[in-house]
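Visitor: Just need the structure, nothing else, for what follows:
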Amino acid sequence: MTMKYFKSGLLLSMALVSFSMMTSCADDLEVGKKIDESQYNKVLQNNAYLRDGKSNQSAPIVELYENSYTTSVKLNLTKPATTATSAKVAIDASYLETYNQEHGTDFLLYPQELVSFDNGGIINFTEEKSGEVGMTITGGESVLEDQTYAIPVAITEPSSDFTVQNETAKHCMYLVKDMRNASDAYKGEDVVKGFLFFEVNGTNPLNTFSFELENGKLLWDVVVLFAANINYDSDAGRPFVKCNPQVQYLLDNNETYLQPLRKRGVKVLLGLLGNHDMAGLAQLSEQGAKDFAREIAQYCYAYNLDGVNYDDEYSKAPDPSNPAFDTPSSRAAARLCYETKRAMPDKLVTVFAYGYMYGTSNVDGVDADEWLDIVVPNYGSSASPIGNMTRKKCAGMAAELHLGIGGSLNSSTAQRLISDGYGWHMGFAPNPAKYGSIFYRYSGASTLYGSDLKDPTIFYKHQDPKPYKYPDDLYN
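Guide: Numbers count the residues shown, from 1 in each chain. Purely as a prediction, here's the structure:
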């Protein structure tokens, strides 16, 4: 049975904070005439904007795995305060309607009584460029699972020492999801997490459940259905999402094969890959990227998926006369990621750092940290952050599990991931027939999580939701 989840509004428009730099020329000056200094106001004034203290993002995703979540709201200035400065932040409930209309979303307001600010929401600092105040989000019985809520935090009492230029700068939008009953993959807020690709043409993604730690937690936090494709529709003259029969089977039967993963806290992403024609993920025009991003969002919302992974491979050169395409470049790839995040701000946008898919650090002045969530590298390599990103968004190890190449998560590798500040390790193409060698490569799980990886006891056959006994039923 096909189960689809429909949301109203998928087009997201994002306002950008920018500053006009003005210049003057001595030839324009008239001797004895008073100079009009109003044009310099924007340069001279001290501008303020809000960010989340933990992520430094303007629209962070907060997942409640425990009964409360603590962070801080950070007020940033474009230059240090010259005197003692203060401001107050609070929930601006009225802004959510404006946000939803502008961004094409239908997020619900998080219960205000479950949100509190330290010090009455007042931020104080002196001769610095930023100050922050603690914020606590508490879970409650009225909060629904699998629903995105919003907490619009705003500067409500600005100081006369700075200026807030627009509504985007004035607000920080927290997107909250209740994960308290879906925490089997949650192993701690700051641990190194697992990112796994399934070759779904022959492997059942329910095999995620084979990888369990001794403490009952699941090894993998995110799985990718590898892969749907970007293809060219010659009749419509545009690229579109094409799902082969194996991918479409999982989407059509997502309550059987995908939602059981999500109910235990595993994120399920749709993988996208080029498919030997001129439609490519790193060669869309600005309008082409917007259109394709909207289609991706429709898939993620309709099938209740957690996001997308982009992989720039197997595409041919585009037709430069077609307005949907552009010259292949990391700039075009970044535009697609940016537009995808705009179209689904509460979902994950992730990339395989290969080809042109990764490398441009901002789009329209917006840093990559705002629109890119996870970066995974090629086998045997580590991903590097760009822009304001940190290694927390990067995988520091990557293994091809079917062929047995790339890195292994032994204790020394696990310790390196921790000490170097990486947030992820990546695996590709696990196959139950190779479980013996695969599980041997993850001896460092205890270093990461304080618990060993258990020997497998179950596995799942292709397109069969029944768990089988491992290894007894492997060849039956």
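Visitor: ok, which stretches of this structure are helices?
Guide: Taking DSSP state H, the helices of the chain run over residues 41-44, 95-103, 167-170, 245-252, 254-257, 259-263, 286-302, 330-343, 411-419, 435-440, 445-449.
Visitor: How about Asn410, nearest residue that isn't a chain neighbour?
Guide: Gly444 (4.7 Å; CB to CB, 6 or more residues apart in numbering). Where C-beta positions appear, they are placed from N, C-alpha and C, glycine not excepted.
Visitor: what does Met278 give?
Guide: Spatial nearest neighbour of Met278, excluding adjacent residues (CB to CB, 6+ apart): Pro318 at 4.4 Å.
Visitor: Likewise for Gly288?
Guide: In space, and not counting its chain neighbours, Gly288 is closest to Ala324: 3.7 Å by CB to CB, 6+ apart.
Visitor: I'd guessed that neighbour sits against Pro239; true?
Guide: Yes - counting by CB atoms under 8 Å, Pro239 is a contact partner of Ala324 at 6.1 Å.
Visitor: Quick check: neighbours shared by the two?
Guide: With contacts taken as CB atoms under 8 Å, 6 or more residues apart in numbering, the residues that reach both Ala324 and Pro239 are 284, 288, 291.
Visitor: ok, those vs Gly120, which is closest?
Guide: Minimum distance to Gly120 across the shared contacts of Ala324 and Pro239 is 46.2 Å, recorded for Asp291 (CB to CB).
Visitor: Buried residues of stretch 91-101, list them for me.
Guide: Neighbour counts over stretch 91-101 (16 or more other CB atoms under 10 Å) mark 91-92, 95-96, 99-100 as buried.
Visitor: now do stretch 377-393
Guide: 377, 379, 381-383, 385-386, 389, 391, 393.
Visitor: Repeat that for stretch 169-187.
Guide: 169-179, 182-187.
Visitor: can you check stretch 466-476 too?
Guide: Buried residues in stretch 466-476, counted by 16+ other CB under 10 Å: 467, 470.
Visitor: Contacts for that stretch next, please.
Guide: For stretch 466-476, the surrounding residues in contact (CB under 8 Å, 6+ apart) are 206, 209-210, 432-433, 435, 456-461.
Visitor: Those in strands, which ones?
Guide: Judged by DSSP state E, the subset of those located in strands is 458-460.
Visitor: Just name the closest of these to Glu157, please.
Guide: Distance to Glu157 across the ones in strands among the contacts of stretch 466-476 (CB to CB) is lowest for Tyr460, with 56.3 Å.
Visitor: Just list the residues touching the closest one, thanks.
Guide: 204, 206-207, 209-210, 432, 466-468.
Visitor: Distance of it relative to Phe198?
Guide: 11 Å (CB to CB, to the nearest Å).
Visitor: that older thread, so for Ala324 and Pro239, which sits in the more crowded spot?
Guide: Pro239 (28 against 22; other CB atoms under 10 Å).
Visitor: and the residue lying closest to Ile438 once chain neighbours are set aside, how many neighbours does it have?
Guide: Nearest non-adjacent residue to Ile438, counting by CB to CB, 6+ apart: Leu401, 5.0 Å away. Residues within reach of Leu401, counting by other CB under 10 Å, total 23.
Visitor: what are the phi and psi values for Leu401?
Guide: Main-chain torsions, Leu401, degrees, to the nearest 10: phi -80, psi -30.
Visitor: what do you get for Asn322?
Guide: Torsion angles, degrees, to the nearest 10, at Asn322: phi -80, psi 120.
Visitor: Sketch out the low-pLDDT regions of the stretch 151-300 of the chain for me.
Guide: The stretch 151-300 of the chain contains no residues with pLDDT under 70.
Visitor: If you count residues, where's the longest strand of the chain?
Guide: strand 222-233.
Visitor: between it and helix 245-252, how big is the angle?
Guide: Going by axes from the mean of the first three to the mean of the last three CA atoms, to 10 degrees, strand 222-233 is angled at 120 degrees with respect to helix 245-252.
Visitor: Adjacent strands (with direction) for strand 222-233?
Guide: Paired neighbours of strand 222-233 in the sheet (DSSP bridges): strand 193-199 (parallel), strand 238-242 (antiparallel), strand 267-274 (parallel).
Visitor: what's in contact with the longest one?
Guide: With CB under 8 Å, 6+ apart as the contact definition, strand 267-274 has outside contacts at 197, 205, 221-230, 241, 247, 258, 261-262, 280-281, 296, 299-300, 303, 305-315, 348, 350.
Visitor: Just the buried residues out of the residues you listed, in PyMOL syntax.
Guide: Per 16+ other CB under 10 Å, the buried members of the contacts of strand 267-274 correspond to this PyMOL selection:
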select buried, resi 197+205+221+222+223+224+225+226+227+228+229+230+241+247+258+261+262+280+281+296+299+300+303+305+306+307+308+309+310+311+312+313+315+348+350
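Visitor: mind checking how far the closest residue to Tyr356 other than its chain neighbours is from Arg342?
Guide: Closest residue to Tyr356 apart from its sequence neighbours, by CB to CB, 6+ apart: Ala282 at 3.6 Å. Per CB to CB, Ala282 is found 18 Å from Arg342.
Visitor: Repeat that for Ser86.
Guide: Using CB to CB, Ser86 is found at 34 Å from Arg342.
Visitor: before we move on, what about Glu128?
Guide: From Glu128 across to Arg342, the span is 32 Å (CB to CB).
Visitor: Ok, Gln415 next?
Guide: From Gln415 over to Arg342 (counting by CB to CB), the distance is 38 Å.
Visitor: higher neighbour count, those two?
Guide: The neighbour comparison of Gln415 against Arg342 (other CB under 10 Å) goes to Arg342, with 25 against 13.
Visitor: Does Gly48 have any beta-bridge partners, and if so which?
Guide: Not Gly; residue 48 is Ala. Assigned bridge partners for Ala48, using DSSP bridges, are Leu77.
Visitor: before we move on, the earlier item: what angle separates the longest strand of the chain from helix 330-343?
Guide: Using the same axes, to 10 degrees: strand 222-233 against helix 330-343 is 110 degrees.
Visitor: going forward can the numbers begin at 37, since that is how I track them
Guide: With 37 as the first residue, the last one maps to strand 258-269.
Visitor: Please export the alpha-carbon coordinates of strand 258-269; PDB is fine.
Guide: What follows is strand 258-269 as a C-alpha-only set of coordinates in PDB (Å, rounded to 0.1, in the frame of the first residue of the first chain):
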ATOM      1  CA  VAL A 258      21.400   8.000   8.600                       C
ATOM      2  CA  VAL A 259      20.800   5.600   5.700                       C
ATOM      3  CA  VAL A 260      20.600   6.600   2.000                       C
ATOM      4  CA  LEU A 261      18.500   4.800  -0.600                       C
ATOM      5  CA  PHE A 262      21.100   4.500  -3.400                       C
ATOM      6  CA  ALA A 263      19.800   5.700  -5.800                       C
ATOM      7  CA  ALA A 264      17.200   7.500  -7.700                       C
ATOM      8  CA  ASN A 265      18.300   9.500 -10.700                       C
ATOM      9  CA  ILE A 266      18.200  12.900 -12.200                       C
ATOM     10  CA  ASN A 267      17.200  12.400 -15.900                       C
ATOM     11  CA  TYR A 268      16.200  14.600 -18.800                       C
ATOM     12  CA  ASP A 269      12.600  14.700 -20.000                       C
END
